[in-house]
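**Student:** can you look at this prediction? I've put the sequence above it.
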Amino acid sequence: MSTNDFPLRRRQLLAGSASALAASGLATFTRGASAQTARPFPPNLEWKDPANFIVHNARELETKRSAFGTSAITPAERLFVRANLPTPDPSIVADRDAWTVSIEGVRNPRTLSIRELKAIGIETTTSVLQCSGNGRGFFPSKPTGAQWTVGASGCVVWSGVPIRYLVDALGGLDAGVQFITGTGGEKLPEGVDPLSVVVERSVPLRALPDALLAWEMNGAPLPLIHGGPLRLIAPGFQGINNVKYIKRLAFSATESKARIQQLGYRMAPLGGKADPSQPSVYEMGLNSWVNGPGADGAPVKAGTVWVHGVAFSGGTPIRKVEVSTNGGRDWLEGNFIGPDLGRFAWRQFALPVKMAPGTYQVTSRATDASGAVQVENRVENLSGYNNTSWRDHIVAVTVA
């Protein structure tokens, strides 16, 4: 077993438990960016360098802006961590090919192992993986949940079987199918209604052409902490819809009855309550932000400064990215750098700007191929989801 397969031990993932944090070693980190020290993570996370993360709690590690670098792909050791339930025991990745998933809502339903899935077909896609609450930390209402800035995201290469191949191999879809539902394989707490805690999400059938059951990430077996041995990947959709440890894939006429589907991840209004009538958190919006320079507060030397960052959407290609150094009063068009890895991946951009000593309000604004422009202001909502505001993403850069 590789170091990438160390789990977050269940006792370390009991939300809100001080004793659990102490047992994990994460109690040595105070919440927030200023808390980082030279202390290493515990063995289960030793392959993740703590210098690259903001530690929100034992289940939520945010990649620092400065750790994204200027390459197209986010390395596994720098990818954010977000978990709704304790990570399964590492025994599930001891024999990866033996892991099984049941397929329902097709004419010939079956339970298939990863070994059998690999015989059906393989495809590789690159997509942004992002927590729905990325940018929550900018909401003045301070919604419940980790106060993510931009680091609950990454751009990842996935390899697995296209779900459309799987459907064809099993005789096609049943009549009336409207949703694809993935059910996670985490161990559920005893004595509670399974539907109240299970990670089970339904996405509209429009996700089918691009969706995968992935067993590989960035050219290596999918790490346990990121959903290995098998994860549902719905490119363009927010991270919660990319179900980890998938044990059941169902095609149905209706959404899952699980609480996380019916009441979780809804665009509920401020002061209200979530309910099934509200829009569910599905595709990502048009977004961009600056990762450098000075993104983590370090001063910058006067002269020519390279402003760089990332831009992406829920699947419409990015046409251009503009950069402002005065809080959005004036804009200059940036240049794309690096390869175009497809419409679900992010595009990296850079722009040289002459900066004299002073403080600059640096931000970016993306435009996609349809002509849509990244919004200036966030959409206020109860849980702080889907923040794509370029104004919220302004970085104060000090030039000395």
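**Tutor:** Alright, I've got the coordinates.
**Student:** which phi and psi does I103 have?
**Tutor:** phi -110, psi 120 (degrees, to the nearest 10).
**Student:** contacts only, for it.
**Tutor:** Listed by CB atoms under 8 Å, 6 or more residues apart in numbering, the contact set of I103 reads P109, R110, T111, L112, L166, L170, L249, A250. Just so you know, the C-beta spots here come from the backbone N, C-alpha and C atoms, and that holds for glycine as well.
**Student:** where along the chain do the helices fall?
**Tutor:** Ranges of helices in the chain, per DSSP state H, are 18-24, 114-120, 163-169, 194-197, 259-262.
**Student:** could those go into CSV alongside mean neighbour count?
**Tutor:** Listed next are those as CSV, based on neighbours: other CB atoms under 10 Å:
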stretch, mean neighbour count
helix 18-24, 15
helix 114-120, 16
helix 163-169, 19
helix 194-197, 14
helix 259-262, 19
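**Student:** save these as TSV, and put in distance to S66 and mean pLDDT too.
**Tutor:** Shown next, in TSV, are the helices of the chain (distance: least, CB to CB, whole Å; pLDDT from 0 to 100):
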stretch	distance to S66	mean pLDDT
helix 18-24	25	36
helix 114-120	36	98
helix 163-169	36	98
helix 194-197	36	97
helix 259-262	33	98
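**Student:** which among the contacts of I103 count as buried?
**Tutor:** The neighbour count (16 or more other CB atoms under 10 Å) marks L112, L166, L170, L249, A250 as buried among these.
**Student:** okay, the residues you listed in a markdown table with distance to L222 next?
**Tutor:** Formatted as a markdown table, the buried ones among the contacts of I103 follow (distance: CB to CB, whole Å):
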| residue | distance to L222 |
| --- | --- |
| L112 | 17 |
| L166 | 17 |
| L170 | 23 |
| L249 | 16 |
| A250 | 21 |
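**Student:** which ones among those residues are found in strands?
**Tutor:** Among the buried ones among the contacts of I103, the ones falling in strands (DSSP state E) are L112, L249, A250.
**Student:** tell me the one of the residues you listed nearest I120?
**Tutor:** Among these, L112 lies closest to I120 (CB to CB), at 7.9 Å.
**Student:** state the pLDDT value of that closest one.
**Tutor:** What the model reports as pLDDT for L112 is 98.
**Student:** from E322, how far off is it?
**Tutor:** Per CB to CB, to the nearest Å, L112 is found 47 Å from E322.
**Student:** re earlier: the helices of the chain into JSON lines, with extra columns for distance to P50?
**Tutor:** As requested, the helices of the chain are exported to JSON lines (distance: least, CB to CB, whole Å):
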{"stretch": "helix 18-24", "distance to P50": "12"}
{"stretch": "helix 114-120", "distance to P50": "32"}
{"stretch": "helix 163-169", "distance to P50": "36"}
{"stretch": "helix 194-197", "distance to P50": "29"}
{"stretch": "helix 259-262", "distance to P50": "29"}
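**Student:** give me the distance from stretch 342-357 to the chain's centre.
**Tutor:** In terms of CA atoms, centre = their mean, to the nearest Å, the centre of stretch 342-357 is found 21 Å from the chain centre.
**Student:** now swap in stretch 309-319 and tell me
**Tutor:** 15 Å.
**Student:** do me a favour and get the end-to-end distance for that stretch?
**Tutor:** Using CA to CA, to the nearest Å, one end of stretch 309-319 lies 15 Å from the other.
**Student:** ok, residues contacting that stretch?
**Tutor:** 68, 128, 155, 210, 235-237, 283-292, 321, 336, 340, 343-349, 364, 366-372, 374.
**Student:** work out which residue lies at the spatial centre of the chain.
**Tutor:** Q130 (2.1 Å; CA atoms, centre = their mean).
**Student:** relative to L270, how far out is that residue?
**Tutor:** For Q130, the distance to L270 - CB to CB - is 22 Å.
**Student:** low-scoring stretches of the chain, by residue?
**Tutor:** By pLDDT under 70, the weakly predicted segments of the chain are 1-40, 42-44.
**Student:** try 80 this time
**Tutor:** Within the chain, the ranges that satisfy pLDDT under 80 run 1-46, 58, 295-296.
**Student:** domain parsing of it, as residue ranges.
**Tutor:** 3-82, 90-130+151-262, 287-399 (automatic domain parsing).
**Student:** quick one: which of those domains is nearest P140?
**Tutor:** Nearest to P140 among those is domain 287-399 (8.9 Å), distances taken as CB to CB.
**Student:** now find how far off-centre the closest one is within its chain.
**Tutor:** Using CA atoms, centre = their mean, the offset of domain 287-399 from its chain centre is 19 Å.
**Student:** same check, this time on stretch 278-286
**Tutor:** Between the centre of stretch 278-286 and the centre of its chain there are 13 Å (CA atoms, centre = their mean).
**Student:** show the end-to-end separation of that stretch, please.
**Tutor:** End-to-end distance of stretch 278-286: 21 Å, with CA to CA as the criterion.
**Student:** what's the answer for stretch 310-324, then?
**Tutor:** Across stretch 310-324, first to last residue, CA to CA, it's 14 Å.
**Student:** buried residues in it?
**Tutor:** 310-316, 318-324.
**Student:** what does stretch 220-232 give?
**Tutor:** P221, L222, P223, L224, I225, H226, G227, G228, P229, L230, R231, L232.
**Student:** any idea how far the last one lies from S196?
**Tutor:** By that I understand L232. Distance, L232 to S196, by CB to CB: 21 Å.
**Student:** one more: the fourth one?
**Tutor:** Shown here: L224 relative to S196, a distance of 25 Å by CB to CB.
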